[in-house]
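> Have a look; sequence and predicted model below, questions after that.
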Amino acid sequence: MLKIGIVGCAGRMGRMVAAAVAGAEGARIAAGSEAAGSSALGQDIAALAGLPACGVKIVADAAKVFRASDAVIDFTAPAATLAHARLALETGTALVIGTTGLGAEHEDALQAAAKKAAIVRAANFSIGVNVILGLARKAARILGPEYDIEIVEMHHRHKADAPSGTALALGQAVAEGRRVSLADKSVRARDGITGPRKKGDIGFAVLRGGDVIGDHTVVFAGEGERVEIGHKASSRAVFAQGAVRAALWTKGRAPGLYSMRDVLGFVG
Ligand code: NAD
């Protein structure tokens, strides 16, 4: 039985992860944390997720979660994920990271932690999105710069970061397909007199509202035709199940920084 810890277990994703671990074969909930001051502290992790109680209470000390677990699943916020990466480095406990909006300082901490622990990081843990990442990379390579690429995403009104981590991952995939740097080509906002579109730009458009779990479309707009590759999530369970699959995959895995492509065994 893989002992899985859940940090941020009262969050939208944390609760889904608790349910996914409870329903997974070969895994059990070992420990869980929430932010200091959270009203969820002291509550039963499974009960908070609407399941029969599992007898494991939510604590504020994430170090305890890392010491009690073989793998920890983290869908929290960038500052918390930074602290969790340091705990993975200290304890060697595997870490599965779904938090998005990470910057350069988080990247350094992940690289450091990956020397001592297996780290799986993905902007999106759904299998469907990982399939369209490969399709978008391939389409960008075949269609070439004559087709203008725009990436459109919509999420619920509570989302903190924009564009979504998945939209940026799609941007990275099409940039790789075209063999260009996303940083050089990305256009993250347009407002006012912007002038005509520059050939080769990779544009992003962001919508926020309601309870949308996550919609993404990559548009390849050419002369006389348009190709669209899209994905719509209708349940957070797909992300939670993917994260649990990644946690199970870390068992016996050498330290390193891995992606869902590694977990799913995708080529191309
Ligand atoms: P949320 O705000 O509902 O949940 C985050 C939880 O983390 C909260 O309960 C918060 O109290 C807790 N938290 C914050 N700091 C903490 C700390 N130091 N220790 C323990 N807990 C702490 O947000 P959400 O919708 O569940 O999303 C969380 C993150 O996951 C976001 O970055 C989101 O973009 C990302 N996300 C990723 C995927 C994916 O597949 N990779 C899918 C959905 C969401």
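Structure's in. What do you need?
> Around the ligand, pick out the residues from the stretch 1-150 of the chain.
For the stretch 1-150 of the chain, the contact set with the ligand under CB under 6 Å from any ligand atom comprises 7-8, 10-14, 33-35, 38, 62, 75-77, 80, 98-101, 122-125. From N, CA and C alone the C-beta is placed, and that goes for glycine too.
> Of all the residues in stretch 48-59, which ones are buried?
Using 16 or more other CB atoms under 10 Å as the burial criterion, the residues of stretch 48-59 that qualify are 48-49, 51, 54, 56, 58-59.
> What about those, which are in helices?
Mapping the buried residues of stretch 48-59 onto helices (DSSP state H) picks out Leu48.
> Show me what residue of the stretch 1-150 of the chain gets nearest to the ligand.
Gly11 (2.1 Å; CB to the nearest ligand atom).
> mind checking how far the closest residue to that residue other than its chain neighbours is from Thr93?
Leaving aside its chain neighbours, Gly11 sits nearest to Phe75 (6.1 Å; criterion: CB to CB, 6 or more residues apart in numbering). For Phe75, the distance to Thr93 equals 16 Å [CB to CB, to the nearest Å].
> out of the two, which sits in the busier spot?
Between Phe75 and Thr93, counted using other CB atoms under 10 Å, the more crowded position is Phe75 (27 against 24).
> Show the average pLDDT along stretch 259-266.
The average pLDDT for stretch 259-266 rounds to 90.
> Next up, the contacts around the closest residue to Ala114 other than its chain neighbours.
Closest residue in space to Ala114, ignoring its immediate chain neighbours: Leu257 at 3.9 Å, by CB to CB, 6+ apart. Residues counted as contacts of Leu257 (CB atoms under 8 Å, 6 or more residues apart in numbering) are 110-111, 114, 119, 121.
> try 10 Å
By CB atoms under 10 Å, 6 or more residues apart in numbering, Leu257 lies in contact with 97, 107, 110-111, 113-115, 117-121.
> and it, bridged to which residues?
Ile119 (DSSP bridges).
> what does the stretch 151-268 of the chain put close to the ligand?
Contact residues (CB under 6 Å from any ligand atom) of the stretch 151-268 of the chain with the ligand: Phe239.
> can you map out the helices along the stretch 151-268 of the chain?
Per DSSP state H, counting those that start in this stretch, the stretch 151-268 of the chain carries helices over the ranges 165-178, 182-185, 237-249, 260-264.
> want to try a markdown table for those helices, with mean neighbour count as columns?
Converted to a markdown table, the helices of the stretch 151-268 of the chain look like this (neighbours: other CB atoms under 10 Å):
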| stretch | mean neighbour count |
| --- | --- |
| helix 165-178 | 22 |
| helix 182-185 | 14 |
| helix 237-249 | 23 |
| helix 260-264 | 19 |
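> quick one: which of those helices is nearest Val212?
Comparison of those against Val212 by CB to CB identifies helix 165-178 as nearest, at 12.7 Å.
> Now the closest one - C-alpha only, CSV.
Included here for helix 165-178 are C-alpha records, laid out as CSV according to Å, rounded to 0.1, in the frame of the first residue of the first chain:
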residue,chain,number,x,y,z
GLY,A,165,-0.8,26.6,-16.6
THR,A,166,-2.5,24.3,-19.2
ALA,A,167,-2.7,27.2,-21.7
LEU,A,168,1.0,27.9,-21.2
ALA,A,169,1.8,24.2,-21.5
LEU,A,170,-0.1,24.2,-24.8
GLY,A,171,1.9,27.3,-25.8
GLN,A,172,5.1,25.5,-25.0
ALA,A,173,4.0,22.5,-27.0
VAL,A,174,3.2,24.5,-30.2
ALA,A,175,6.4,26.5,-29.8
GLU,A,176,8.4,23.2,-29.6
GLY,A,177,6.5,22.0,-32.7
ARG,A,178,7.6,25.1,-34.6
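> quick revisit: could I get the contacting residues of the residue of the stretch 1-150 of the chain closest to the ligand?
17, 34-35, 38, 40, 75-77.
> Name the nearest of these relative to Ile229.
Distance to Ile229 across these (CB to CB) is lowest for Phe75, with 25.3 Å.
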